[in-house]
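**Q** what follows is a protein structure lacking sequence information:
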């Protein structure tokens with residue numbers, strides 16, 4: 001163990017200026033026995049630092065390495081486990097508990113004893129020793145040389161300056177001094193005894209010199225003592241003088257203290273007086289209400305402008321006095337409490353007076369405004385509330401004062417205002433809409449019940465009889481479709497507008513003037529409502545001091561996306577909903593005041609749709625424009641929301657109108673004995689498109705019309721083809737040709753951009769069916785000649801050469817001449833005349849396509865003639881066989897026939 005200790009001192013601790021005091025061989029408790037050493041060390045330089053170092057032998061060589069070090073001051077507890085029995089286990093409590101097992105109990109005891117002594121000397125007993133015998137903590141354990149090697153039982157004694165140790169190395173300075181002494185003596189190494197004797201002699205000489213020096217200085221010491229005695233006497237005299245001076249100064253000090261105390265009391269009194277005056281001035285300046293203000297609050301005239309101004313100033317002064325920020329302790333003063341109570345009484349009294357007066361003003365306004373309703377009953381205008389608003393706005397500052405001081409009365413006034421004004425506006429708006437309905441229907445006020453049952457039943461009966469009569473003409477007449485369309489023109493519009501609701505008025509009574517009149521009335525209704533709502537909303541904001549914030553958060557759904565779906569309508573609720581802001585409060589007040597606007601607008605829209613379903617086009621354009629205008633002002637306002645909800649209803653009626661027209665197309669029945677001509681729904685589409693283009697010019701909702709156009713034109717195309725397939729009297733190609741020509745002409749004239757593809761499609765269908773009809777019809781006049789040349793072409797197709805066809809028995813020159821002789825010029829002209837009559841019978845006069853078709857047939861006939869001549873020239877060369885009529889004859893025949901008819 002001694003060798004290990006010396007090796008550790010040399011290799012690990014000496015390079016770090018540390019001295020090893022004790023060592024113990026340990027391993028961790030409860031684990032595999034990996035031995036290591038715990039070393040107690042101190043530094044050689046001051047201040048001394050005491051450490052416990054864990055040293056471990058390296059696995060790769062025969063040397064030791066420093067693993068971890070703990071400062072001894074961090075050691076809290078040393079637990080020896082058992083103070084009576086020998087036990088090699090012990091615990092050291094640093095930042096955590098380390099459990100160790102020593103290689104022997106003696107080593108453990110020696111290490112713990114060393115730690116105890118270091119604790120006594122350097123840490124002043126800060127470490128707790130548990131389960132350690134008292135004998136171990138008093139003196140070093142007496143162990144044998146065998147159990148504890150020499151040097152391991154060294155310890156640090158409590159009273160000595162340095163620890164006793166068998167082996168102590170010289171420090172660098174000591175080594176240097178010894179080297180200097182040895183260099184000064186030649187035999188220091190060769191004769192150590194002589195060198196030691198020399199050193200002893202030199203020491204004795206130095207001791208003698210020191211004694212002589214002390215004896216020589218005895219006389220000087222005596223003199224010094226005498227001087228000190230004299231100095232002490234002088235000090236005593238000075239002390240006596242100082243004592244007398246001190247007594248004098250003490251008397252002066254007492255007098256000065258009395259003067260200072262008197263001055264302090266005077267200054268304190270002055271300070272208190274100044275502070276008291278400041279507090280009184282503060283209370284007087286901030287909590288004193290002028291008598292004029294008190295009189296104005298108690299008796300001021302709230303009807304005159306001067307009285308209102310005086311009351312406003314007094315109310316502001318009262319509010320300032322009540323809201324003054326009192327300093328600590330003011331609220332405990334009786335005068336302050338009394339003044340505050342007086343202010344509260346004044347506030348309550350004036351708030352009651354103000355609320356009562358404003359309630360009377362609201363009631364009086366309702367009576368005064370009702371007297372002016374009579375003059376507006378015959379005009380489509382709403383009464384002007386500007387004078388009423390102007391008078392009430394004089395009280396706006398008082399309302400703001402009431403809102404901040406007595407919110408309960410403010411809320412009561414708000415509710416009373418809504419109650420009175422809602423009844424007033426309900427009467428005005430209902431009378432206004434009654435006038436609008438009268439002007440729309442053209443009836444007098446006495447007979448304004450437009451939709452009564454007897455009139456509805458009469459309209460149903462008339463329309464039913466009219467439709468039955470039209471149907472009879474369709475099924476029984478053999479005249480042209482032009483005549484039929486003239487007879488049924490009075491009923492066609494009725495069918496379009498009232499297919500689902502036969503109780504509607506007959507559309508035969510309507511004309512452009514009627515629709516223009518409806519458009520102007522509807523526009524005037526919206527133009528009257530819009531400024532009324534905006535003026536009332538602006539007044540509510542100013543009078544009740546509610547801020548209108550511009551925000552896009554409440555923007556309603558874009559108008560193009562409105563498809564008639566359900567939209568929440570809180571207007572119908574009679575109670576105010578909880579509000580989250582002043583803007584919501586304005587909107588809910590408007591809802592309560594104008595709760596009748598939306599139902600009345602919906603009733604007016606229903607009436608307009610009842611009069612003429614095409615009125616939904618006018619209403620859609622006008623309503624969209626007003627919604628767009630309202631949204632630009634405030635997207636979440638009452639007006640914007642209300643008009644947006646009504647716009648949903650208008651859009652539904654518009655969609656219903658389109659659906660009715662498509663259903664009308666699908667239910668059209670044609671006569672089996674009369675020619676078809678231009679179908680009714682084709683004419684109706686033309687009428688609808690012309691009207692819509694005039695209405696939707698520069699409109700915001702053009703997209704809705706384009707969608708409607710697409711639906712209608714598809715329905716027209718499908719149902720024209722359906723009727724053409726069902727037609728028995730008129731050829732299918734004629735029905736398709738005439739109707740698609742009419743559609744193409746209509747789309748070309750109106751120039752509807754979204755229907756460009758349908759216009760091209762209509763033109764193509766018209767051209768295809770014209771060509772098909774011409775080819776089909778021209779097979780009739782020269783039937784035998786056609787059959788003969790078809791046979792010739794068949795032989796050529798079978799492989800017979802064209803010049804050899806004349807040798808065929810059925811197609812020789814004699815047969816050709818025989819067939820040609822059957823079609824002299826006179827016979828051809830007769831056949832063409834019969835063809836012209838047949839085409840004239842097929843075509844209707846409305847579309848005026850007879851000459852177009854006849855010219856196409858002339859061109860096709862000439863083409864066939866040239867084809868026949870080419871076959872004769874190729875198949876019968878040199879035969880001299882020719883047709884008995886020429887191309888010029890054909891042109892003359894066609895021209896003569898066309899002119900004769």
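**A** Alright, I've got the coordinates. No experiment lies behind these values; they were computed from the predicted model shown. Residues are numbered from 1 along each chain as shown.
**Q** surely residue 711 touches residue 663?
**A** No: using Cβ atoms under 8 Å, residue 711 is not in contact with residue 663; the gap is 11.6 Å. Bear in mind the C-beta positions are built from the backbone N, C-alpha and C, glycine included.
**Q** that's a strand at residue 326, yeah?
**A** No: Residue 326 is assigned coil when assessed by DSSP: H, G, I helix; E, B strand; the rest coil, not a strand.
**Q** now do the longest strand seen in the chain: everything it contacts.
**A** Counting by DSSP state E, the longest strand found in the chain is strand 18-28. With contact meaning Cβ atoms under 8 Å, 6 or more residues apart in numbering, strand 18-28 is reached by 1, 4-5, 8-9, 13, 33-44, 51, 98-103, 107-108, 110-111, 114-115, 118, 152, 154-156, 163.
**Q** now do the contacts for residue 785.
**A** 819, 820, 822, 823, 868 are the contacts of residue 785 under Cβ under 8 Å, 6+ apart.
**Q** where does the first one sit, in terms of helix or strand?
**A** Using DSSP states H and E, the element containing residue 819 is helix 813-821.
**Q** then the last one?
**A** Taking DSSP H and E as the definition, residue 868 sits inside helix 850-875.
**Q** averaged pLDDT, the next helix-or-strand element following that helix. What do you get?
**A** Downstream of helix 850-875, the first helix or strand assigned by DSSP H and E is helix 887-900. What helix 887-900 shows for mean pLDDT is 77.
**Q** what about helix 887-900, distance to the chain center?
**A** 78 Å (Cα atoms, centre = their mean, to the nearest Å).
**Q** quick one: buried residues of that helix?
**A** Within helix 887-900, the residues scored as buried using 16 or more other Cβ atoms under 10 Å are 890, 893, 894, 897.
**Q** give me the mean pLDDT for stretch 526-534.
**A** For stretch 526-534, the per-residue pLDDT averages 88.
**Q** then stretch 66-77?
**A** The model assigns stretch 66-77 a mean pLDDT of 90.
**Q** try stretch 639-654
**A** The model assigns stretch 639-654 a mean pLDDT of 88.
**Q** go through this structure and flag its longest helix.
**A** Scanning the chain for the longest helix, with DSSP state H as the assignment, gives helix 218-286.
**Q** for it, what does the pLDDT average out to?
**A** Summarised as a single mean, pLDDT over helix 218-286 is 88.
**Q** next, the buried residues of the helix or strand following that helix.
**A** Using DSSP H and E, the helix or strand that directly follows helix 218-286 along the chain is helix 291-299. Buried residues in helix 291-299, defined by neighbour count with 16+ other Cβ under 10 Å: 293, 294, 296, 297.
**Q** the second one reaches residue 345, doesn't it?
**A** No: taking contacts as Cβ under 8 Å, residue 294 lies outside contact range of residue 345: 10.7 Å.
**Q** sorry, back to before: from the buried residues of helix 291-299, which single one is nearest residue 194?
**A** Using Cβ to Cβ, residue 293 comes nearest to residue 194 of the buried residues of helix 291-299, at 123.5 Å.
**Q** quick one, what contacts the closest one?
**A** Residue 293 makes contact with 313, 314, 317, 318 under the criterion Cβ under 8 Å, 6+ apart.
**Q** show me how to select, in PyMOL, the buried members of those.
**A** With 16+ other Cβ under 10 Å as the criterion, this PyMOL line picks the buried residues out of those:
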select buried, resi 313+314+317+318
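**Q** among the contacts of residue 293, which lie within helices?
**A** Going by DSSP H, the helices hold 313, 314, 317, 318 from these.
**Q** do you know how far the third one is from residue 353?
**A** Applying Cβ to Cβ, to the nearest Å, one obtains 16 Å for the distance of residue 317 from residue 353.
**Q** same check on the last one?
**A** In this view, residue 318 and residue 353 are 13 Å apart by Cβ to Cβ.
**Q** average pLDDT across stretch 56-63?
**A** Stretch 56-63 comes out at a mean pLDDT of 78.
**Q** one more: stretch 719-737?
**A** Rounded mean pLDDT across stretch 719-737 is 84.
**Q** which residues sit against it?
**A** Outside stretch 719-737, the residues within contact range by Cβ under 8 Å, 6+ apart are 665-666, 668, 670-677, 679, 681-682, 739-740, 743, 765-766, 769-770, 772-773, 776, 842-843, 849, 853.
**Q** list the buried ones in it?
**A** 719-721, 723-724, 727, 729-737.
**Q** so how far is residue 659 from the residue nearest to residue 716 when sequence neighbours are not counted?
**A** Nearest residue to residue 716, sequence neighbours excluded (Cβ to Cβ, 6 or more residues apart in numbering): residue 685, at 5.3 Å. Counting by Cβ to Cβ, the separation of residue 685 from residue 659 is 14 Å.
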